[in-house]
Structures are given as structure tokens and as C-alpha cells.
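[1] coordinates for the following, if possible.
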Amino acid sequence: MVRIGAKRTQYEIYWEILTYCKTPRIFTSIIQRCDLNSKNGQEHLDFLERKGYITRISEGGRTLYSSTQDAKEFIELFTRLYLELYEDSPEFKI
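    From the prediction side, this is the model:
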């Protein structure tokens, strides 16, 4: 069963952000790639940071966001659950 046209849940958005941020990313890149607006994107990043799944890194005057080691467990658990429910791996929209 594939979720074509279904609205993403917050958990799917968190999964997308954390997966994308395995490599440190700037805010603009995250919201564009994960198809979020600035306000919602910042709220999601703030939540994930409070939970310890995202960390901010200062590099060359820029702030980058990077998934933490704790995020790895969430990503793996979410992927397994998603596969169980939908028989297809979660993917980014292209």
C-alpha cells in the first residue's frame, strides 16, 4: 500500500529532516528539500533540537543543523514501523 497523495504526518516530516541532516545542512536547504515554510520548518527544528535529535553547528559564520547519534534510533524505528504499515520505505518527494 503506497500513500500516494496523502498528507505527511509530523513523524514523516521529522524523519525527512533527520535523514536529510545526516550531513550538516543550512536552514534554507532544509526547508526547501523537506518542502516546509520557514515558520513550520523552524518549529520542527526547534522541537527536534529540544529532543536532542538535531544539533546546531557554527561553521564559517553559518549555522548548520546536523542529526545527532540519538536521531539514528528514531530514523531506524520509524523506517521499520513505516515498512510494517505500508510495505514500502518512506521516501523524500522528488
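[2] ranges for the helices of the chain?
    Here the chain has its helices, by DSSP state H, at 10-20, 27-33, 38-50, 69-86.
[3] nearest to Thr63, out of the ones you listed?
    helix 27-33 (7.0 Å; Cβ to Cβ). Quick note: C-beta positions are derived from backbone N, CA and C, even for glycine.
[4] buried set for the closest one?
    For helix 27-33, burial by neighbour count (16 or more other Cβ atoms under 10 Å) applies to Phe27, Ile30, Ile31.
[5] check stretch 41-53 too.
    For stretch 41-53, burial by neighbour count (16+ other Cβ under 10 Å) applies to Gly41, His44, Leu45, Leu48, Tyr53.
[6] mind putting these in TSV, pLDDT included?
    Formatted as TSV, the buried residues of stretch 41-53 follow (pLDDT from 0 to 100):
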residue	pLDDT
Gly41	96
His44	97
Leu45	97
Leu48	97
Tyr53	97
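[7] so where's this structure shaky on pLDDT?
    1-5, 88-94 (pLDDT under 70).
[8] what would the helices of the chain look like in TSV with distance to Gly60?
    TSV is the format used below for the helices of the chain (distance: least, Cβ to Cβ, whole Å):
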stretch	distance to Gly60
helix 10-20	20
helix 27-33	15
helix 38-50	20
helix 69-86	24
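[9] quick one on the thing from earlier: and of the buried residues of helix 27-33, the nearest to Leu81?
    Once Cβ to Cβ is applied, the member of those that ends up nearest Leu81 is Ile30, at 23.1 Å.
[10] any idea how far that closest one is from Thr55?
    To Thr55, Ile30 is 13 Å away according to Cβ to Cβ, to the nearest Å.
[11] can you pull the contacts of Phe74?
    By Cβ atoms under 8 Å, 6 or more residues apart in numbering, Phe74 lies in contact with Tyr14, Trp15, Leu18, Tyr53.
[12] to Glu59, which of the helices of the chain lies closest?
    helix 27-33 (13.0 Å).
[13] can you give me how far that closest one is from the chain middle?
    A distance of 11 Å separates the C-alpha centroid of helix 27-33 from that of its chain, computed with Cα atoms, centre = their mean, to the nearest Å.
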